[in-house]
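Peer 1: Sharing a model that was predicted from the sequence below.
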Amino acid sequence: MTTNLHDILESTKLDPAFCADLLSVSVEQFRDWLNGVRPLPKFVLPELASVLGVNEDSLLGQASQRRLNSDSLAPAIWYKLRNEKLTDADRELVGLIRKLGFYIDQLQAVRQQKVRQWKPLFETIRDSVNTGEPPAVQGRTAAEAFRGALDFGRGHAGIGEQLRPALRRQGVLVVESPIRSQVEGCTFAVGVEDPKTPCLFANSYRSTWFRRNAILLHELAHAILDLDSDPVALDFKDEVQTELSEVRAQAFAQECLVPASLLNRIANRRGIHWNKLEPQDLATLVADTHAEQSLVLRAALQSGYIDEDEAQLYQSFEVDGLVRQQTPHALTTREYLKSIAEKSPKWAAENRNTGVGRRPIRLPVGYVIDVLAAWQTDEISTGKAAEMLMMDKDVFLDRFGETKLAD
């Protein structure tokens, strides 16, 4: 007997065994749901719908005698994951990230920490954009409205250090985690209540803090301008971006991080001459703008501070070591954790690795802290805390049991 779940799952190309692991049920039980032997229980609907990118009604019921075209049921997210260059691992890791976003949203609801300030903010920014203009112009206009609404000023300083706290204060979920995947960033909505909460993901695997600033802003542009009509945005490493929404998101990220006014202010303050940049000058620009080298040079080129030949020359400069001398943001995650080891609890570096089935994930430190805090104050049970950290109850207690006793 064919079910809607069967056809949806077929369209996603997700392994039923992985989905069973994702829901912490046996493969046999999940196959019974898949084949209509048993109805889907209500307790799995919110999480399964969030991971698959469909509404709960789509999971219920039985397909008609005439086999439904699986493409008609395929969530938009899975169309994008059908790209032949992607692997099963990529698809499953996106499922993992969506599950994590679902839990973060759920935890905020339990702790009564959910805010929806993002909704009027997004509406204000959308109202500022003339969709009849070229996409790059739309992106820059949206960026100016975003910076103004959050009081980031008009290019007086880099915004990388303010970005994540500011987004979280608006109620936007921000997830950064290292996954071995070609997916560099994605945007989706999570939750069981409308409006669902926007979630931005930036892959930190072999990435820099400067790069992730741009990724998060790129995904934010999708959340503001595209998420209502397109339920997910996926961006891949080294992808040439030509679609209208991608050009617009790129312009938004660049204008947020590296407006011409900021480049001019830094150059004047630091005595930098654009026509004879030295590696040390370029390192200073990276450190002060909170943007990676290539984005700084692209912004300088488009602002008329340098020409094509200079941009190509300056891109060849090796400045990583010089940037590391100017800001701790240039440290790798491992180096940063080592530098704060004395102030950081043991689990921050060692005990946040978990996973589903064969797919590992390193949970964000802040999320682990919040789960433990909710557990310590009895806002969630031990079983729920373990579930939210995607590990068995025994593993959870082995890692964190002494934390509660210490309190």
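Peer 2: Thanks, I have it. Numbers count the residues shown, from 1 in each chain.
Peer 1: worst-scoring helix or strand of the protein, pLDDT-wise?
Peer 2: Lowest on mean pLDDT, DSSP states H and E among the helices and strands of the chain sits helix 70-73, with a mean of 43.
Peer 1: pull the CA atoms of stretch 317-329 into PDB?
Peer 2: Once non-C-alpha atoms are left out, stretch 317-329 reads as follows in PDB (Å, rounded to 0.1, in the frame of the first residue of the first chain):
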ATOM      1  CA  PHE A 317      49.000  38.500  -1.900                       C
ATOM      2  CA  GLU A 318      49.400  35.900   0.900                       C
ATOM      3  CA  VAL A 319      47.900  37.700   3.900                       C
ATOM      4  CA  ASP A 320      46.600  35.000   6.300                       C
ATOM      5  CA  GLY A 321      49.600  35.200   8.600                       C
ATOM      6  CA  LEU A 322      49.400  38.900   8.700                       C
ATOM      7  CA  VAL A 323      45.700  38.900   9.500                       C
ATOM      8  CA  ARG A 324      46.300  36.400  12.400                       C
ATOM      9  CA  GLN A 325      48.700  39.000  13.900                       C
ATOM     10  CA  GLN A 326      45.800  41.500  14.000                       C
ATOM     11  CA  THR A 327      42.800  39.600  15.200                       C
ATOM     12  CA  PRO A 328      41.900  36.400  17.000                       C
ATOM     13  CA  HIS A 329      39.100  35.900  14.500                       C
END
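Peer 1: which of the residues in that stretch are buried?
Peer 2: Burial within stretch 317-329, assessed by neighbour count using 16 or more other C-beta atoms under 10 Å, is assigned to 317, 319, 322, 323, 324, 327, 329. In this view, the C-beta of every residue, glycine as well, is placed from N, C-alpha and C.
Peer 1: So what's the gap between it and the chain middle?
Peer 2: Here the centre of mass of C-alpha atoms in stretch 317-329, compared against the chain's by C-alpha atoms, centre = their mean, to the nearest Å, lies 25 Å away.
Peer 1: Just give the closest residue to residue 245, not the sequence neighbours.
Peer 2: residue 226 (5.1 Å; C-beta to C-beta, 6 or more residues apart in numbering).
Peer 1: measure the one you found to residue 187 for me?
Peer 2: Counting by C-beta to C-beta, to the nearest Å, the separation of residue 226 from residue 187 is 8 Å.
Peer 1: still on that earlier bit, just the buried residues of stretch 317-329: which are in helices?
Peer 2: Applying DSSP state H to the buried residues of stretch 317-329, the entries found in helices are 322, 323, 324.
Peer 1: of all those, which comes closest to residue 301?
Peer 2: Distances from those to residue 301 were compared by C-beta to C-beta; the smallest belongs to residue 323, at 19.9 Å.
Peer 1: name the element residue 202 belongs to?
Peer 2: Mapping residue 202 onto the secondary structure by DSSP states H and E places it in strand 197-203.
Peer 1: Give me the sheet partners of that strand and which way each runs.
Peer 2: With DSSP bridges as the test, strand 197-203 is paired with strand 173-177 (parallel), strand 183-190 (antiparallel).
Peer 1: could you give me the average pLDDT of the helix or strand harbouring residue 254?
Peer 2: Element membership of residue 254 [criterion: DSSP H and E] is helix 244-257. What helix 244-257 shows for mean pLDDT is 96.
Peer 1: just stretch 292-312 next, same as before
Peer 2: So the average pLDDT for stretch 292-312 ends up being 97.
Peer 1: Residue 226 and residue 187: which has the busier surroundings?
Peer 2: Neighbour count, other C-beta atoms under 10 Å: between residue 226 and residue 187, residue 187 has more, with 26 against 18.
Peer 1: quick one: that one and residue 197 touch, right?
Peer 2: No - taking contacts as C-beta atoms under 8 Å, residue 187 lies outside contact range of residue 197: 11.5 Å.
Peer 1: hang on, the earlier thing: between residue 226 and residue 187, what contacts are shared?
Peer 2: residue 233 (C-beta atoms under 8 Å, 6 or more residues apart in numbering).
Peer 1: ranges for the strands of the stretch 301-407 of the chain?
Peer 2: 353-356, 359-362 (DSSP state E, counting those that start in this stretch).
Peer 1: just checking, residue 19 touches residue 30?
Peer 2: Yes - with contacts counted by C-beta under 8 Å, residue 19 reaches residue 30, the gap being 6.0 Å.
Peer 1: and stretch 330-345, what's its mean pLDDT?
Peer 2: Stretch 330-345 carries an average pLDDT of 65.
Peer 1: To clarify, my last question referred to stretch 144-153.
Peer 2: Averaged across stretch 144-153, pLDDT comes to 90.
Peer 1: picking up where we left off before, out of the strands paired with strand 197-203, indicate the one that is most buried.
Peer 2: By mean neighbour count, with neighbours taken as mean count of other C-beta atoms under 10 Å, strand 183-190 ranks first of those at a mean of 24.
Peer 1: Give the bridge partners for the residue nearest the centre of the chain, please.
Peer 2: Taking C-alpha atoms, centre = their mean as the criterion, residue 201 is the residue nearest the geometric centre of the chain, at 0.7 Å. For residue 201, the beta-bridge partners are residue 175, residue 186 (DSSP bridges).
Peer 1: Nothing else from me, thank you.
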